[in-house]
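> Build the 3D model from these lines:
(one chain, ligands or ions: 4)
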Amino acid sequence: MKSKTLALLGEASISRRSLVKGGMATGGLLLASSALELPFLFARAAEPQATPAGAADKVVWSMCSVNCGSRCALRLHVRDDEVYWVETDNTGQDEYGDHQARACLRGRSMRRRMNHPERLKYPMKRVGERGEGKFQRISWDEALDTIADNLKRVVKDYGNEAVYIHYSSGATGANFARSSPSGSLITRLMNCYGGYLNQYGTYSTAQINAAMPYTYGSNDGNSTSDIVNTQLVVMFGNNPAETRMSGAGITYHLEQARERSNARMIVIDPRYTDTAAGREDEWIPIRPGTDAALVSAIAWVLITENRVDQAFLDAYCVGYDEKTLPAGAPANGHYKAYILGQGDDGIAKTPMWAEKITSIPRDRIIKLAREIGSAKPAYICQGWGPQRQANGEQTARAIAMLPILTGNVGINGGNSGARESTYTITIERLPVLTNPVKTQIPVFLWTDAISRGKEMTALKDGIKGKDRLDVPIKFIWNYAGNTLVNQHSDINRTHEVLKNERDCETIVVIENFMTSSAKYADILLPDLMTTEQEDIVPNDYAANMGYLIFGQPATTAKFERRSIYQITSDIARRLGADVAQKFTEGRTQSEWLQFLYAKMLARDPLLPSYEQLKAQGIYKRRDPDGHFVAYRKFREDPAANPLKTPSGKIEIYSERLAQLAATWQLQADESISPLPRYVPTFEGWDDPLRARFPLQMAGFHYKARTHSSYGNIDVLRAACPQEVWINPIDAETRGIRNGDKVRVFNDRGEIRIDAKVTPRILPGVTAVSQGAWHQADMAGDKVDHGGCINTLTTQRPSPLAKGNPQHTNLIQIEKV
Ligand SMILES: Nc1nc2c(c(=O)[nH]1)N[C@H]1C(S)=C(S)[C@@H](COP(=O)(O)OP(=O)(O)OC[C@H]3O[C@@H](n4cnc5c(=O)[nH]c(N)nc54)[C@H](O)[C@@H]3O)O[C@H]1N2
Ligand SMILES: Nc1nc2c(c(=O)[nH]1)N[C@H]1C(S)=C(S)[C@@H](COP(=O)(O)OP(=O)(O)OC[C@H]3O[C@@H](n4cnc5c(=O)[nH]c(N)nc54)[C@H](O)[C@@H]3O)O[C@H]1N2
Ligand code: SF4
Ligand SMILES: [Mo]
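Ligands and ions are numbered 1, 2, ... in the order given. The predicted structure is shown next:
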């Protein structure tokens, strides 16, 4: 049974279509009837009926709203005030275009999360050291008084800029249970109380979001459904089979659209991903951090073989060749010169040159270039793996060069080189009001803002709104987030920064579980889950079928758990009657929802009524424009619809980047450049550090979890173990066999984990899925037995975005 389960979940090469319609011999039946809890698929299949005997007391519509890039409807079966059975969307015709937002294996295990024996039950205060995990139960009054008193004190002593709302994405999409620092109830609360230190960028997209706008003015891509119009799909580090898993998500759209267009698919990734898994036409393994070299060599072939779309480059772009190079740029500062070896480095970016860097044979590069040059149109895209590298800004812009050179931008079946965009039914959000504090730090540099805040400057550390930071962070709100420890880089350094109570004086954590971040809380509050509250959420990435889900509380609040709206309202009252009035405006959660929905209806009269939506649970709508095409209007009429770049055109050469390159203080091995170039980086494939740590290690987002969420669910862990991927060649020289326990280490720390010896990864490269729960004795040897990759990642930021290069690491592996 185990191997069958793994076959389905693990090396998942089974298409949804074959499961649902093609009558797969095993399992298909259960998925088709949208049964629950995939890991138990086969156990249940052996039973005569998928539904347990006895009628459900009630079925409640709710949703899974973790930050997985999808969103799924759940129908929770409740008896005696407890969820005992989980089903998912069963509405509509279940045909592509009117398909079901079915939950993946994680959402189907929701009841195990809700009813987990280790769920937080009471408010607590810390009694041991930070990180030790020793807490004592206290009353809500004591907890809330302590928080309010400390907040008042910090604001009085240091000002509002010393208060930080930590990046957190554990609860995404909803109005109330929504943790995004730009849109949460904590944000609204702080904006009612003088503001807080802002952040910019995210752990998801720091590099690509900083870089793409220099090229295009924004970071948009064609909707995945538009692949129905394409001939060729090229995926750089994009793995929707794991990162967009919903039945309404990108993985389903990709497969359905490709089936209709018969488009070839080439997957470029150091790993043979689940998105490939038999559905690809070709897998081209590449060294992490070297995509820009591959792109440059493809460009060399396209240019020397006359395969570029010269008319498009002349009319729509700046800086491809001499003709459109801005006046201020150096001679031969254009892209064509860079590629042909006539630029300042004097290196022709030939396939031979790129072969050494990428490890892709030159003949394969030439073939790939010809394929890309002749497929009209081609859908060239990137996931966010390539940009989560130390040179990710350059890589993101470099990949965009392929559709630009071939004129695939702004047309159906083409793409910009970015990740997909999605159609969404916009919901009316509870306003967060305005932050009086304008200072921003890069999201990744918050540990620095605690330990050396006053040294941080605009030109060196990317501080915005001020030349330098006036005060370090003294108070942290951490609501539904684990980037305080588990999800931030270099956990052992983070521990050193957080453990000193004189630096960051107060840490408030609002959670469902005793996570590694929660262990650093001074006050720890037990939250309700989204499934225990009334809320409306829109789809996340869902191509061209948008939807709304209206969830109702499946059970009453158990133990002393409280909703985030109640918690923040009660703190607002302690901060003053005026703060409370401004915060609640006298409305309950339910009254807010009705108030906001009335606004939505006024804007979008096609929506069902409030009561109707509540009864039907989910409402779906196709994109009235068919498919989203990025920069379509610009392509149709560039003069009337300029891009948001300074020139209004696609800026292959960016004068703004040239300006930053000239003024920002960078280290010798960092680079910002006006053209998208291949640049080597710290801890890259050619770093001398490889003498000690010879293996590259990239992370990836894993089907077992959504980051760390669901990481404590036993059946998911059994189905998808935490392992380090290593090629048989590298394993053999180390005497490692599949399943062996190994130590993976570098100067920052060590994890102990099982080896997955597999040809699915390039030799010299290893991979560890991110999000496993850190488990180490922080007062002792600090060895992490949970296999959390962030024991090994660095806090050194990327040069332009000051973002998280969490996929750029060098390590060594030894058998234990
Ligand atoms: N090395 C490495 N690190 C990474 C990444 C990587 O690729 N590599 N990826 C990065 C990315 S892209 C992201 S977005 C971040 C994500 O990091 P986080 O935003 O921390 O995401 P999660 O771990 O999913 O969720 C955080 C916490 O929210 C809690 N939670 C879930 N639902 C609720 C709720 O309803 N109420 C409350 N109070 N808590 C709730 C969960 O228990 C969990 O502890 O991680 C980043 N870290
Ligand atoms: N199941 C699940 N789904 C998720 C999440 C999750 O934790 N679990 N997290 C969600 C969130 S918040 C985000 S931001 C997204 C993340 O989405 P992504 O950032 O796209 O996901 P990753 O798995 O980090 O990277 C995608 C692929 O890039 C590859 N890769 C890494 N480095 C390179 C490189 O240098 N070049 C190339 N060509 N490929 C490279 C990896 O092997 C991986 O297969 O996923 C979302 N979806
Ligand atoms: S984790 Fe994502 S794909 Fe899975 S059920 Fe939840 S929202 Fe859907
Ligand atoms: Mo993310």
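> State the pLDDT value of M1.
We have a pLDDT of 28 for M1.
> wait, G173
pLDDT recorded at G173 is 89.
> which residues touch the helix or strand encompassing T251?
Remark: T251 resides in helix 250-261, with elements defined by DSSP states H and E. Contacts to helix 250-261, defined as CB atoms under 8 Å, 6 or more residues apart in numbering, come from residues 15-17, 69-70, 96, 99, 223-231, 233, 240-241, 243-246, 263, 265, 275, 279, 413, 420, 541-544. C-beta: built from backbone N, CA, C; applies to glycine.
> Just the buried residues of these.
Among those, those classed as buried by 16 or more other CB atoms under 10 Å are 15-16, 69-70, 96, 99, 223-231, 233, 240-241, 243-246, 263, 265, 275, 279, 413, 420, 541-544.
> Provide the secondary structure category for the residue of the stretch 151-300 of the chain found nearest ligand 1.
Distances between the stretch 151-300 of the chain and ligand 1 by CB to the nearest ligand atom are smallest at G170, namely 1.9 Å. Secondary structure for G170, judged by DSSP: H, G, I helix; E, B strand; the rest coil, is coil.
> which bits of the stretch 251-400 of the chain sit near ligand 2?
Neighbours of ligand 2 within the stretch 251-400 of the chain, by CB under 6 Å from any ligand atom: 268-271, 273, 286, 288-289, 291, 383-386, 388-389.
> what about 5 Å?
268-269, 271, 273, 288-289, 291, 383-386, 389 (CB under 5 Å from any ligand atom).
> now those as TSV including distance to P642 and neighbour count?
Listed next are these as TSV, based on distance: CB to CB, whole Å; neighbours: other CB atoms under 10 Å:
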residue	distance to P642	neighbour count
I268	32	23
D269	35	29
R271	40	24
T273	37	23
P288	36	30
G289	33	30
D291	29	28
G383	29	24
W384	27	25
G385	31	25
P386	28	28
Q389	31	30
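> taking those residues one by one, which sit in strands?
In strands, defined here by DSSP state E, the members of those are I268.
> quick one: which of the residues of the stretch 251-400 of the chain next to ligand 2 is nearest to M697?
M697 lies nearest to P288 out of these, by CB to CB, at 8.3 Å.
> List the contacts of that closest one.
With contacts defined as CB under 8 Å, 6+ apart, the neighbours of P288 are 270, 389, 684-685, 696, 698, 765, 807-808.
> if you skip the residues just before and after it, what's nearest to it?
Spatial nearest neighbour of P288, chain neighbours left out: A698 (4.5 Å); criterion: CB to CB, 6 or more residues apart in numbering.
> My guess is the residue of the stretch 151-300 of the chain closest to ligand 1 contacts L484. True?
No: using CB atoms under 8 Å, G170 is not in contact with L484; the gap is 11.3 Å.
> which of these two has more neighbours?
G170 (31 against 25; other CB atoms under 10 Å).
> Now for the more buried one: which residues touch it?
For G170, the residues meeting the contact criterion (CB under 8 Å, 6+ apart) are 66-67, 179, 480-482, 707, 709.
> sorry, back to before: in strands, which of the buried ones among the contacts of helix 250-261 fall?
Residues from the buried ones among the contacts of helix 250-261 lying in strands, with DSSP E as the criterion: 233, 265.
> show me which of the buried ones among the contacts of helix 250-261 neighbour ligand 1.
Contacts with ligand 1 are made by none of the buried ones among the contacts of helix 250-261, judged by CB under 5 Å from any ligand atom.
> so A299 sits in a strand?
No: per three-state DSSP, A299 lies outside any strand segment and is helix.
> Quick one: neighbours of the closest residue to it other than its chain neighbours, just the number.
Nearest residue to A299, sequence neighbours excluded (CB to CB, 6+ apart): I339, at 4.8 Å. Neighbourhood size, I339 [other CB under 10 Å]: 28.
> which residues touch the strand or helix carrying I339?
Assigned by DSSP H and E, I339 falls within helix 335-340. Helix 335-340 is contacted from outside by 296, 299-300, 303-304, 319-322, 342-343, 345, 348-349, 401, 652-653, 675-677, using CB under 8 Å, 6+ apart.
> Drop anything exposed from those residues.
Among the contacts of helix 335-340, the ones that count as buried by 16+ other CB under 10 Å are 296, 299-300, 303, 319-321, 343, 348-349, 401, 652-653, 675-677.
> contacting residues for the residue of the chain found nearest ligand 3?
When scored by CB to the nearest ligand atom, the chain has G107 as its residue closest to ligand 3, at 2.3 Å. For G107, the contacting residues are 64, 72, 74, 86, 88, by CB under 8 Å, 6+ apart.
> Which strand or helix spans the fourth one?
So the one you mean is V86. For V86, the element it lies in under DSSP H and E is strand 82-88.
> Now do that strand: which elements does it pack against?
Helices and strands in packing contact with strand 82-88 are listed as strand 72-79, helix 110-114; criterion 3 or more CB pairs under 8 Å, 6 or more residues apart in numbering; DSSP states H and E.
> Including mean neighbour count, could the ones you listed go into CSV?
What follows is the helices and strands packed on strand 82-88, written out as CSV (neighbours: other CB atoms under 10 Å):
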stretch, mean neighbour count
strand 72-79, 24
helix 110-114, 22
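> Name whatever forms a beta bridge with the residue lying closest to D527 once chain neighbours are set aside.
The spatial neighbour of D527 that comes closest, neighbours along the chain excluded (CB to CB, 6+ apart), is I510 at 5.1 Å. Under the criterion DSSP bridges, I510 forms beta bridges with Y479, L525.
> How about Q382?
With DSSP bridges applied, Q382 shows beta-bridge pairing to F236.
> thinking again about what came up before, next, work out how far apart the residue of the stretch 151-300 of the chain closest to ligand 1 and L185 are.
Note on G170: its distance to L185, by CB to CB, to the nearest Å, is 14 Å.
> returning to that earlier point: ok, the residue of the chain closest to ligand 3 to ligand 1 distance?
From G107 across to ligand 1, the span is 12 Å (CB to the nearest ligand atom, to the nearest Å).
> what do you get for N482?
Between N482 and ligand 1 the distance is 3 Å, computed by CB to the nearest ligand atom.
> can you pull the contacts of that residue?
Contacts for N482 (CB under 8 Å, 6+ apart) come out as 168, 170, 515-517, 707-709.
> Mind checking which of the contacts of G170 are buried?
Neighbour-count burial (16+ other CB under 10 Å) is assigned, among these, to 66-67, 179, 480-482, 707, 709.
> Show the contacting residues for P538.
Contacts of P538 were listed using CB under 8 Å, 6+ apart, and they are 71, 173, 424-427, 546-549.
> What residues sit buried inside stretch 364-383?
Within stretch 364-383, the residues that count as buried by 16+ other CB under 10 Å are 365-366, 368-369, 371-373, 375, 377-383.
> same question but for stretch 173-187, I mixed them up
Within stretch 173-187, the residues that count as buried by 16+ other CB under 10 Å are 173-181, 183-187.
> show me which of these neighbour ligand 2.
Checking the buried residues of stretch 173-187 against ligand 2 by CB under 5 Å from any ligand atom, not one of them is in range.
> Endpoints of stretch 105-114, how far apart?
End-to-end distance of stretch 105-114: 15 Å, with CA to CA, to the nearest Å as the criterion.
> Now do the same contact list for the residue nearest to the spatial centre of the chain.
By CA atoms, centre = their mean, the mean C-alpha position of the chain lies nearest to S204, the distance being 3.9 Å. Contact analysis of S204 by CB under 8 Å, 6+ apart lists 169, 384.
> interface residues of the stretch 1-150 of the chain facing ligand 2?
67-69.
> go again using 8 Å as the cut-off
Taking CB under 8 Å from any ligand atom, the part of the stretch 1-150 of the chain that reaches ligand 2 is made up of 67-70, 104, 106.
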